[in-house]
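A.B. asks: what's the 3D shape of this:
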Amino acid sequence: MRGKGLCLHMNEFILFAHRGASGYEPENTLSAFELALSMGAQWIELDVYAVDGELVVIHDDRLERTTNGTGLVMDKSFSYLRSLDAGKGQRIPLLREVFDLVCDRAGINIELKGPKTAAPVSALIAAVLTERRMTAEQFIVSSFNHQELLRFKAMQPEIRLGALVSGVPWRNVRFAEKMGAYAVHAGMNIVTRRFVANTHHRGLKIFVYTVNTWEDLKRIQDMGVDGVFTNYPDIFSIMDVRPN
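C.D. replies: Prediction:
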């Protein structure tokens, strides 16, 4: 597997391509993931729902913002979701299509967004590990739903977990430590030096979302975090301020 950043055990700052290179291409589409890879992203991040037995890659619980469809994702059929335009003619991808695209080129952070996603995501990861096309170190599974993370951990204990937190996160960080998570994923607006130190004291990594300007990147780096999620995987090579 190329890229020492995939191992995530060195003192190296990690950039996660948030929903792919979503600052340039429609978020959570194959074109956004391909562009992120071409920019040298070592990790991509995406969101999944389980619909009609298929894992679809989309962030919102509604369709209006990112597609030409309407209504709730979970109220629609798989065939309807696949008929939609997710931007620039892209379809809502399947998680297995993203795995085929990425293969051994980068790591993948899978956020369990929809209900009851732990079991199908576990099954799909188990399949690709058996086929030896991908390795366990290529995956981080994250969620705001920590109970769903525990369900996933019971099925795939070798896969690292990322506990997403929002608001005042101290109790959630303690829970992340107790569940054996690898990392805490925290919003940029709640991160402080004290929070970073506390997270590290508990033996956890801390990755921050969503960091899209050079100024914010330097500020967050200076706090000692381990990495950030960004819509601009080339942020180290651009100096102008990008929109949030």
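
A.B. asks: For this protein, name the helix or strand with the lowest mean pLDDT.
C.D. replies: helix 170-179 (a mean of 85; mean pLDDT, DSSP states H and E).

A.B. asks: burial measure for Asn231, as a count.
C.D. replies: 24 (other Cβ atoms under 10 Å). Every C-beta, even on glycine, is put in place using the N, C-alpha and C of the backbone.

A.B. asks: contacting residues for it?
C.D. replies: Going by Cβ atoms under 8 Å, 6 or more residues apart in numbering, Asn231 touches His18, Arg19, Ala21, Ser22, Gly23, Glu27, Thr210, Asn212, Arg242.

A.B. asks: residues in contact with the least confident helix or strand of the chain?
C.D. replies: 146, 149-150, 153, 161, 163, 165, 184, 195, 198-199, 202-204.

A.B. asks: Centre of the chain to that helix, how far?
C.D. replies: In this view, helix 170-179 has its centroid 19 Å away from the chain centroid, taken as Cα atoms, centre = their mean, to the nearest Å.

A.B. asks: re earlier: filter the contacts of helix 170-179 down to the buried ones.
C.D. replies: By neighbour count, with 16 or more other Cβ atoms under 10 Å, the contacts of helix 170-179 hold His146, Leu149, Leu150, Lys153, Leu161, Ala163, Val165, Val184, Phe195, Asn198, Thr199, Leu204 as buried.

A.B. asks: Narrow those residues to those in strands?
C.D. replies: Secondary structure assignment by DSSP state E places Leu161, Ala163, Val165, Val184 of the buried ones among the contacts of helix 170-179 in strands.

A.B. asks: Now the two most distant members of these.
C.D. replies: Maximum pairwise distance among those (Cβ to Cβ): 12.6 Å, between Leu161 and Val165.

A.B. asks: what's near enough to touch the closest residue to Arg193 other than its chain neighbours?
C.D. replies: Take Arg193 and drop its neighbours on the chain: the residue closest to it by Cβ to Cβ, 6 or more residues apart in numbering is Met223, 5.1 Å away. Contacts for Met223 (Cβ under 8 Å, 6+ apart) come out as Val191, Thr192, Arg193, Val196.

A.B. asks: list the contacts for the spatially most central residue of the chain?
C.D. replies: Nearest to the geometric centre of the chain sits Glu45, at 2.9 Å (Cα atoms, centre = their mean). Listed by Cβ under 8 Å, 6+ apart, the contact partners of Glu45 are Phe16, Ala17, His18, Arg19, Ile108, Asn109, Glu111, Phe229.

A.B. asks: from the ones in strands among the buried ones among the contacts of helix 170-179, which is closest to Arg82?
C.D. replies: Closest to Arg82, out of all of those and judged by Cβ to Cβ, is Leu161, at 29.5 Å.

A.B. asks: That closest one touches His185, doesn't it?
C.D. replies: No: look at Leu161 against His185 with Cβ atoms under 8 Å: they stay out of range, at 10.1 Å.

A.B. asks: which residues are in contact with both of those two?
C.D. replies: By Cβ under 8 Å, 6+ apart, the residues touching both Leu161 and His185 are Ser142.

A.B. asks: how about the strands in this structure?
C.D. replies: Along the chain, counting by DSSP E, strands occupy 14-18, 43-51, 54-57, 107-112, 139-143, 160-165, 183-187, 205-209, 227-230.
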